[in-house]
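Participant: I would like to see how this sequence folds:
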Amino acid sequence: MPRSVQITKEKILTAALDVLIRDGYLAVNIKSIAKELKCSTQPIAWQFGNMDNMREALTKEAVAYANQKMMPTSTNCIEAFWQVGYAYINLAFDTPNLFRFVYMGESKNYCRGGFDSILTDSGNAVLIDKLCKYLDISRKQADMLLQRMIVYTHGIVSLVVAGVLNCTKEQVYSIVKEFGSDLLSLTGTALDIEAVMSNIIEV
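Facilitator: Take a look at the predicted model:
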């Protein structure tokens with residue numbers, strides 16, 4: 001009877017992701033993953049064959065992990081809209097190595113696409129539909145609202161992760177919140193924006 005596999009692909013990818021988040025992408029190699037797993041390099045080489053295959057699998061794992069962290073939990077579309085922004089900020093401040101890998105080009109295996117890819121993402125598309133109905137605005141206005149908010153937030157936190165900007169998470173929350181208020185105003189919604197913003201809590 002063959003021996004059961006003790007070091008599975010899932011365990012290896014989890015260990016590789018842990019190394020990436022803690023030490024950065026340059027620290028990810030077969031030896032560092034083996035050390036994380038407290039095993040030899042043989043099971044890793046056997047499961048993936050080479051580091052190119054390992055990197056490709058790690059990219060998928062990292063993107064899935066980041067997407068899970070970005071998923072809003074609120075059923076209220078306005079709160080969900082802000083949760084996406086705050087999750088983006090939290091990801092950059094709390095796990096900068098992961099953010100750099102997924103969203104700043106360290107992974108050569110991941111390219112999201114053009115600006116429209118933000119709008120066609122399944123989760124974002126659902127949120128855009130809800131924003132249209134709740135704010136009573138056109139699809140084009142809702143597209144603009146989410147697209148510009150994500151691009152703006154990404155720009156700020158990328159500067160923070162790169163070490164160009166030195167600021168706190170709370171300061172970025174505040175700047176993004178002000179920008180979002182301005183965007184909401186531009187949509188011409190009849191919603192009381194000041195009242196909406198007063199109920200938003202950073203998470």
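Participant: what about the longest helix in the chain?
Facilitator: Across the chain, the longest stretch assigned as helix under DSSP state H is helix 139-161.
Participant: angle of the helix or strand following that helix against helix 139-161?
Facilitator: Helices and strands here follow DSSP states H and E; after helix 139-161, the next one along the chain is helix 169-186. Interaxial angle, helix 169-186 versus helix 139-161 (axes from the mean of the first three to the mean of the last three CA atoms, to 10 degrees): 160 degrees.
Participant: which neighbouring elements make contact with helix 169-186?
Facilitator: Packing partners of helix 169-186 (3 or more CB pairs under 8 Å, 6 or more residues apart in numbering; DSSP states H and E): helix 77-94, helix 139-161, helix 193-198. Where you see a C-beta, it was placed from the backbone N, CA and C, and this is true even at glycine.
Participant: quick one: it to helix 77-94, angle?
Facilitator: Angle of helix 169-186 versus helix 77-94, following the same axes, to 10 degrees, is 150 degrees.
Participant: next, the residue positioned nearest the centre of the chain: secondary structure please.
Facilitator: Closest residue to the average C-alpha location of the chain: A66 at 4.2 Å, with CA atoms, centre = their mean. Recorded secondary structure, A66: helix (DSSP: H, G, I helix; E, B strand; the rest coil).
Participant: that one contacts L98, correct?
Facilitator: Yes: if you go by CB atoms under 8 Å, A66 and L98 touch, sitting 6.3 Å apart.
Participant: shared neighbours of these two, which are they?
Facilitator: Residues touching both A66 and L98 (CB atoms under 8 Å, 6 or more residues apart in numbering): L91.
Participant: still on that earlier bit, which residue packs closest to the residue nearest to the centre of the chain, ignoring adjacent ones?
Facilitator: V102 (5.0 Å; CB to CB, 6 or more residues apart in numbering).
Participant: then L119?
Facilitator: Leaving aside its chain neighbours, L119 sits nearest to D143 (5.2 Å; criterion: CB to CB, 6+ apart).
Participant: count of residues packed around that neighbour?
Facilitator: A count of nearby residues for D143, using other CB atoms under 10 Å, gives 20.
Participant: surely it touches D129?
Facilitator: No: under the criterion of CB under 8 Å, D143 is not in contact with D129, lying 10.6 Å apart.
Participant: low-scoring stretches of this structure, by residue?
Facilitator: Judged by pLDDT under 70, the chain has its weakly predicted residues at 1-5, 110-113, 115, 118, 189-203.
Participant: state the distance from the residue nearest to A66 to V126.
Facilitator: Separation of V102 from V126 (CB to CB, to the nearest Å) stands at 22 Å.
Participant: higher neighbour count, the two?
Facilitator: For V102 versus V126, neighbours defined as other CB under 10 Å are more numerous around V102 (21 against 12).
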